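>>> fold the following for me, if possible:
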Amino acid sequence: MTSQPPVQISPWAIDRPALLGTLATCLSGNQDSQQLTLLALIDLSQFAQVNQRFGYLAGDQVIAELQQRLSSVPKYPLACRRIDGDKFALIISPLLNIQLAPLVAKKIIDQITAAFHIGTETLTLEAHIGFAASDDCGHADDSGEIRAEKLLQNAEAAAKQARDLRQPYFVGEASASHKARHKIALKQKVSDTLSENGFELFYQPQIRLADGQPRGAEGLIRWNQRDHGINPEELVAIIEQSGRMDELFAWTIHTAIREAAAWRGQHITTAINLSASCLHSPQLFETIESSLNLWGAEPSDICIEVTESTIQQDLDQGFQALKRIKQLGVRIAIDDFGTGYSSLEYFKFIPADELKIDKSFILNMRNNQIDMDIVKLILDWGKRFHMETIAEGVEDAESMALLTELGCTYAQGYHISKALPAHEFSQWLRRYSAKGVG
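Predicted coordinates for the structure are as follows:
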């Protein structure tokens with residue numbers, strides 16, 4: 001009997017056993033690791049209509065292209081398998097924590113919703129994604145095969161939940177325990193980094209719109225440890241929850257004034273953000289005064305930024321704290337202006353020098369008349385109350401030209417520059433002090 005050659009299976013063929021085999025091997029290998037294996041179950045919506053409209057051959061071509069796209073999603077793809085007619089499973093490992101799942105979801109959704117070309121026509125797909133993580137897929141002493149099956153079931157249940165809720169993705173509740181543990185560990189890591197002076201200040205340049213010359217920069221905290229999965233706003237929130245904002249502010253102002261010595265004498269203003277807890281701290285005034293004295297800085301080269309909502313938590317105490325700071329010669333700016341509940345009564349007392357127009361108004365002002373009117377109103381308030389104005393979120397030349405025409409004093413945003421480390425900001429200063437920004 002003549003032996004037959006093995007049947008060639010197309011790479012997009014349904015192959016659930018192959019997925020489970022790869023998953024079992026992965027789970028067994030990572031059993032002692034602190035990192036996760038993440039399984040994404042991708043359930044395409046109404047794919048049968050694609051076959052009905054374009055035919056099964058075209059449908060197979062779409063499936064093949066989709067599998068190629070999905071295989072490129074993980075940085076180190078382990079497996080992307082078609083496990084049913086309209087379902088794919090994607091193994092992502094190792095993953096530091098489940099909080100990165102939304103980033104993975106975005107990458108998957110981008111690949112699914114990008115146009116497919118069938119002849120002269122284009123097609124877009126939709127899907128629901130369910131995520132399940134390896135921290136809760138059976139007992140640790142279970143075999144890899146049992147845990148793999150359980151993980152796939154969890155991911156399928158999460159995908160169904162996403163469909164029922166009409167959401168693009170859903171992270172399985174089985175991962176909640178890991179999320180809680182990770183949050184505790186992250187808080188400890190943030191606390192340790194603060195104690196070890198492990199953070200860094202970046203500086204986002206600000207320019208004077210009248211001539212394009214550098215005006216200064218806003219100091220922004222950065223954590224350069226890779227893969228921590230949190231943005232600067234979340235980082236500050238964690239420190240706030242830990243009750244260590246006074247320490248963070250002290251570190252920030254000491255660092256900013258020390259690093260600003262490199263551009264001292266150029267009339268460069270360094271802005272520092274102030275949280276609600278710091279505004280009401282008994283140590284606030286002494287922290288600022290001691291920092292100025294320690295580094296021999298000009299008080300007028302420092303600007304303290306405080307949001308409207310921060311001040312309004314306790315107007316009397318907030319005003320008194322800001323007045324003491326202003327008596328040192330330090331500038332005061334109201335940050336994110338326009339997002340709180342401003343009133344003329346409020347302006348009668350606040351000792352501010354500057355208004356920072358929130359970027360949400362700047363980004364849309366050329367396409368939204370209401371936002372344009374709000375920007376004009378804030379600029380008018382600034383003039384009437386003898387305050388300078390700073391536009392945040394300036395991302396194109398057209399917006400910058402319009403703000404210049406409207407009489408805004410300063411601007412910052414990606415069109416000017418992203419936030420830079422101190423040495424790069426010094427280089428930026430040398431370049432733009434000579435030519436300005438167009």
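>>> any stretches of the stretch 151-300 of the chain with poor pLDDT?
Confidence mapping of the stretch 151-300 of the chain against pLDDT under 70 gives the ranges 173-183, 225-229.
>>> just the CA trace of stretch 297-305, in CSV.
The C-alpha trace of stretch 297-305 is given here as CSV (Å, rounded to 0.1, in the frame of the first residue of the first chain):
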residue,chain,number,x,y,z
ALA,A,297,17.3,80.9,42.9
GLU,A,298,15.3,84.0,41.9
PRO,A,299,11.8,83.6,43.3
SER,A,300,10.3,85.2,40.1
ASP,A,301,11.9,82.3,38.1
ILE,A,302,9.6,79.8,39.9
CYS,A,303,5.8,79.5,39.2
ILE,A,304,3.5,77.4,41.3
GLU,A,305,0.6,75.9,39.3
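>>> any residues touching it, and which ones?
Residues outside stretch 297-305 that contact it (C-beta atoms under 8 Å, 6 or more residues apart in numbering) are 216, 218, 253, 256-257, 260-261, 264, 267-274, 288, 291-292, 322, 325, 328-335, 353-354, 356. In this view, the C-beta of every residue, glycine as well, is placed from N, C-alpha and C.
>>> distance between it and the chain's centre?
Taking C-alpha atoms, centre = their mean, to the nearest Å, one finds the center of stretch 297-305 at 28 Å from the center of the full chain.
>>> what comes up buried for that stretch?
In terms of neighbour count (16 or more other C-beta atoms under 10 Å), stretch 297-305 has its buried residues at 297, 301-305.
>>> save the residues you listed as JSON lines, and put in secondary structure and distance to Leu27 too.
What follows is these, written out as JSON lines (DSSP: H, G, I helix; E, B strand; the rest coil; distance: C-beta to C-beta, whole Å):
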{"residue": "Ala297", "secondary structure": "coil", "distance to Leu27": "56"}
{"residue": "Asp301", "secondary structure": "helix", "distance to Leu27": "57"}
{"residue": "Ile302", "secondary structure": "strand", "distance to Leu27": "54"}
{"residue": "Cys303", "secondary structure": "strand", "distance to Leu27": "53"}
{"residue": "Ile304", "secondary structure": "strand", "distance to Leu27": "52"}
{"residue": "Glu305", "secondary structure": "strand", "distance to Leu27": "48"}
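>>> which of the contacts of stretch 297-305 fall in helices?
253, 256-257, 260, 288, 291-292, 322, 325 (DSSP state H).
>>> which of the contacts of stretch 297-305 count as buried?
216, 218, 253, 256-257, 260, 268-274, 288, 291-292, 322, 325, 330-335, 353-354, 356.
>>> doesn't Pro214 make contact with Ser433?
Yes: Ser433 lies in contact with Pro214 (C-beta atoms under 8 Å); the separation is 5.9 Å.
>>> so the two - more neighbours on which side?
Pro214 (25 against 13; other C-beta atoms under 10 Å).
>>> check contacts around that one.
Counting by C-beta under 8 Å, 6+ apart, Pro214 has contacts 205-208, 266, 268, 428-429, 432-433.
>>> so which of these comes closest to Asp396?
Ile207 (14.4 Å; C-beta to C-beta).
>>> next one: that closest one from Gln412, what distance?
According to C-beta to C-beta, to the nearest Å, Ile207 stands 7 Å off from Gln412.
>>> secondary structure class for Ile83?
Assigned with DSSP: H, G, I helix; E, B strand; the rest coil, Ile83 falls in the strand class.
>>> ok so, going back, top of the contacts of Pro214 by number of neighbours, please.
Neighbour-wise, the contacts of Pro214 (other C-beta under 10 Å) top out at Gln206, 28 neighbours.
>>> quick check: which element contains it?
Using DSSP states H and E, Gln206 sits in strand 200-208.
>>> got it, and Asp380?
In this structure, Asp380 sits in helix 369-384 according to DSSP H and E.
>>> buried ones in that helix?
371-372, 374-375, 378-379, 381-382.
>>> who's in contact with that helix?
337-338, 342, 347, 355, 357, 360-362, 364-366, 387-389, 391, 403, 406-409.
>>> alpha carbons only: can I get it in CSV?
Provided in CSV are the C-alpha atoms of helix 369-384 (Å, rounded to 0.1, in the frame of the first residue of the first chain):
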residue,chain,number,x,y,z
GLN,A,369,-17.4,77.8,18.1
ILE,A,370,-18.3,77.2,21.8
ASP,A,371,-14.7,76.3,22.6
MET,A,372,-13.5,79.4,20.6
ASP,A,373,-15.8,81.6,22.6
ILE,A,374,-14.6,80.1,25.9
VAL,A,375,-10.9,80.7,24.9
LYS,A,376,-11.8,84.4,23.9
LEU,A,377,-13.6,84.8,27.2
ILE,A,378,-10.6,83.5,29.3
LEU,A,379,-8.2,85.7,27.4
ASP,A,380,-10.5,88.7,28.1
TRP,A,381,-10.7,87.8,31.8
GLY,A,382,-6.9,87.6,31.9
LYS,A,383,-6.5,91.1,30.4
ARG,A,384,-9.2,92.6,32.7
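>>> fine by me, thanks again.
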